[in-house]
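Engineer: Here's a sequence, model it:
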Amino acid sequence: MNQSLFGTDGIRGVANEFPITPEVALRIGRAVARVLQSDGQSRHKVVIGKDTRLSGYMLETAITSGLVSEGSRVLLTGPAPTPAVAHLTRSMNCDAGIMLTASHNPYQDNGIKIFGRDGFKLNDELENDIEKMIRADALPQPQGDLGKAIRIDDAMGRYIEFTKNAVGAGSLKGLKVVVDCANGAGYHVGPLIFEELGAEVIKMSIHPDGRNINKGCGALHPENAAAMVKKTRADVGICFDGDADRVIFCDENGQVIDGDRVLCLCAKALKEKGMLKGNTLVATVMSNLGMRDALAADGITLETTDVGDRAVLERMREKGFNLGGENSGHIIYSDYATTGDGIMSALMLLSLIREKQTTLSQLADCMVSYPQVLLNLDVSEKPPIKSIPEVHAAIQTATKLFAEKGRVFVRYSGTERKIRILTECADAELAQAQANAIATTIHNTIGI
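Structural biologist: Below you'll find the predicted structure:
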């Protein structure tokens, strides 16, 4: 229990198990309110959104109780994409925003993301302050008046208009799109936005029941949208994850387009318009080496960070860049958003297709990918990788074999008890063989 509650994307775990319990959630609510009170004011406004998981009701009620007990005013949006909550935090002049989601994880999990008044995720210092209060033996008795909680009916309307204004009325006219909403937070607003901008929309996975979020659908299973694209002769398939902060696309031929290609084509398009700040794209170390080569040919620099959209966004803010993301589908347009936004990313791509009067397959033909193998293994514990001699030796062996023509990258998941193995090499068979060798070694040491 000494491990930090906050991972790379807030607090996450199995619902009704520590730390995703109503007791801890109530403490989180109180702790957030008390951290906000450090500015000397007693009244603060906090917006809370959630995805469609069954446990969202439990957590929403508990966190709201904690906030209200400390005098905060709470605005409840109901089901809302994560980027919508980040946007509403800023646009409604709130002091904080809270999103209840476990993103792409199954419905049994849930999580808590916290945004500051600027719409960005909290920094480590504030997360540490909140965690100290959560773990304290007892919090001081609340003083002063109680707050109140209200449901805001126009919350999603505000976000819808914001996203539409980014591209302009009628900007999707003439396009036919398949939209798989993963039975998640974007199930209503996603298709509606595309329709109101003029697209013909074929909807999938828009009937959440609390248990079917991400289940065989959405960004984790783009093959469903790909098949529907071919069947209906649509222009593009769009697949969101459970909280709609990331998106996976498939082209008019039913071919799934990985996130690296989307980032690459978007960076080239922005540079062509003179709108790519610093002529730089920010991505993670998991990005394909082929993207680096393709960008360099167009005079674009690729800056790499640790894994996670938080690390990408921090680098963008630090150096003033306006485009970044991950190959998993997180794409950040910082001119418009403070976090990854699947709907906004889809709008930008669709607008580009219509503007250039081309197809996604043609746009995506912007780089030559190195063969890449990505394996995910369950682990019993997470000791430092270098502290496991056998695993460290297997990684070193692969690195030497790849030389300058490839790379190996092994890391633990920040949100699950898993380890991820990435090998990349011009020789596909060598990449697969070394990934398998490392996986076998890990399984024999810390695997389940």
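
Engineer: And the helices in the stretch 101-250 of the chain, which stretches?
Structural biologist: 124-135, 155-167, 189-196, 222-232 (DSSP state H, counting those that start in this stretch).

Engineer: Residue 49 - that's part of a strand, no?
Structural biologist: Yes: with DSSP: H, G, I helix; E, B strand; the rest coil as the criterion, residue 49 is part of a strand.

Engineer: Please give me every residue in contact with it.
Structural biologist: Shown in contact with residue 49 (CB atoms under 8 Å, 6 or more residues apart in numbering): 77-82, 84-85, 88, 97-100, 155, 185. Quick note: C-beta positions are derived from backbone N, CA and C, even for glycine.

Engineer: If we use 7 Å, what do you get?
Structural biologist: Residues in contact with residue 49, defined by CB atoms under 7 Å, 6 or more residues apart in numbering, are 77, 80, 84, 85, 99.

Engineer: List the strands paired with the helix or strand bottoming out on mean pLDDT in the chain, with their directions.
Structural biologist: In the chain, no helix or strand scores lower on mean pLDDT, DSSP states H and E than strand 6-7, which sits at a mean of 90. Sheet pairing of strand 6-7 (DSSP bridges) gives strand 10-14 (antiparallel).

Engineer: quick one: average pLDDT of stretch 439-448?
Structural biologist: Average pLDDT, stretch 439-448: 92.

Engineer: in that stretch, what's buried?
Structural biologist: For stretch 439-448, the neighbour count (16 or more other CB atoms under 10 Å) marks 439, 441, 442, 445, 446 as buried.

Engineer: One more: stretch 230-241?
Structural biologist: Buried-residue list, stretch 230-241, by 16+ other CB under 10 Å: 230, 234, 235, 236, 237, 238, 239, 240, 241.

Engineer: Residues contacting the longest helix anywhere in the chain, please?
Structural biologist: In the chain, taking DSSP state H as the definition, the longest helix is helix 428-445. Under the contact criterion CB under 7 Å, 6+ apart, helix 428-445 has outside partners 371-373, 375, 377, 388, 390-391, 394-395, 398, 401, 406, 408, 410, 419, 421, 423-425.

Engineer: Separate out the buried members of those.
Structural biologist: Neighbour counting with 16+ other CB under 10 Å marks 371-373, 375, 377, 388, 391, 394-395, 398, 401, 406, 408, 410, 419, 421, 423-425 as buried within the contacts of helix 428-445.

Engineer: need the contact list for residue 292.
Structural biologist: Contacts for residue 292 (CB under 7 Å, 6+ apart) come out as residue 302.

Engineer: Check which helix or strand it maps to.
Structural biologist: Assigned by DSSP states H and E, residue 292 belongs to helix 289-297.

Engineer: so which strand or helix has residue 373?
Structural biologist: Of the helices and strands defined by DSSP H and E, residue 373 is found in strand 372-378.

Engineer: strands paired with that strand, and their directions?
Structural biologist: Note on strand 372-378: by DSSP bridges, its sheet partners are strand 418-425 (antiparallel).

Engineer: With only the CA atoms kept, save the partner strand in PDB.
Structural biologist: Provided in PDB are the C-alpha atoms of strand 418-425 (Å, rounded to 0.1, in the frame of the first residue of the first chain):
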ATOM      1  CA  LYS A 418       1.900  -5.800 -17.400                       C
ATOM      2  CA  ILE A 419       5.200  -5.500 -19.100                       C
ATOM      3  CA  ARG A 420       5.500  -4.400 -22.700                       C
ATOM      4  CA  ILE A 421       8.200  -5.600 -25.100                       C
ATOM      5  CA  LEU A 422       8.800  -3.700 -28.300                       C
ATOM      6  CA  THR A 423      11.300  -4.800 -30.900                       C
ATOM      7  CA  GLU A 424      11.800  -3.000 -34.200                       C
ATOM      8  CA  CYS A 425      14.200  -4.000 -37.000                       C
END
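
Engineer: All further residue positions should be reported with the first residue as 41.
Structural biologist: Okay, residue one is now 41; in that scheme the one you just asked about reads as strand 458-465.

Engineer: and the closest residue to residue 135 other than its chain neighbours, what does it touch?
Structural biologist: Leaving aside its sequence neighbours, residue 135 sits nearest to residue 84 (CB to CB, 6 or more residues apart in numbering; 4.2 Å). Contacts for residue 84 (CB under 7 Å, 6+ apart) come out as 73, 76, 112, 135.

Engineer: Quick one, which of the residues you listed has the minimum pLDDT?
Structural biologist: Least confident entry in those, by pLDDT: residue 76, with 91.

Engineer: burial of that one, as a residue count?
Structural biologist: 23 (other CB atoms under 10 Å).

Engineer: Show me the contact partners of the least confident helix or strand of the chain.
Structural biologist: If you take CB under 7 Å, 6+ apart as the criterion, strand 46-47 is touched by 167, 171, 454, 455.

Engineer: how does this structure divide into domains?
Structural biologist: With domains defined by the TED database, the chain comprises 46-192, 198-208+215-294, 297-381+397-405, 412-486.

Engineer: Just the endpoints, please. Distance across the shortest one?
Structural biologist: Using CA to CA, to the nearest Å, the gap from the first to the last residue of domain 412-486 comes to 24 Å.

Engineer: swap in the longest one?
Structural biologist: Between the start and the finish of domain 46-192 there is a gap of 28 Å, counting by CA to CA.

Engineer: Figure out how far that domain is from the centre of its chain.
Structural biologist: Distance, stretch centre to chain centre, for domain 46-192: 18 Å (CA atoms, centre = their mean, to the nearest Å).

Engineer: Fine by me, thanks again.
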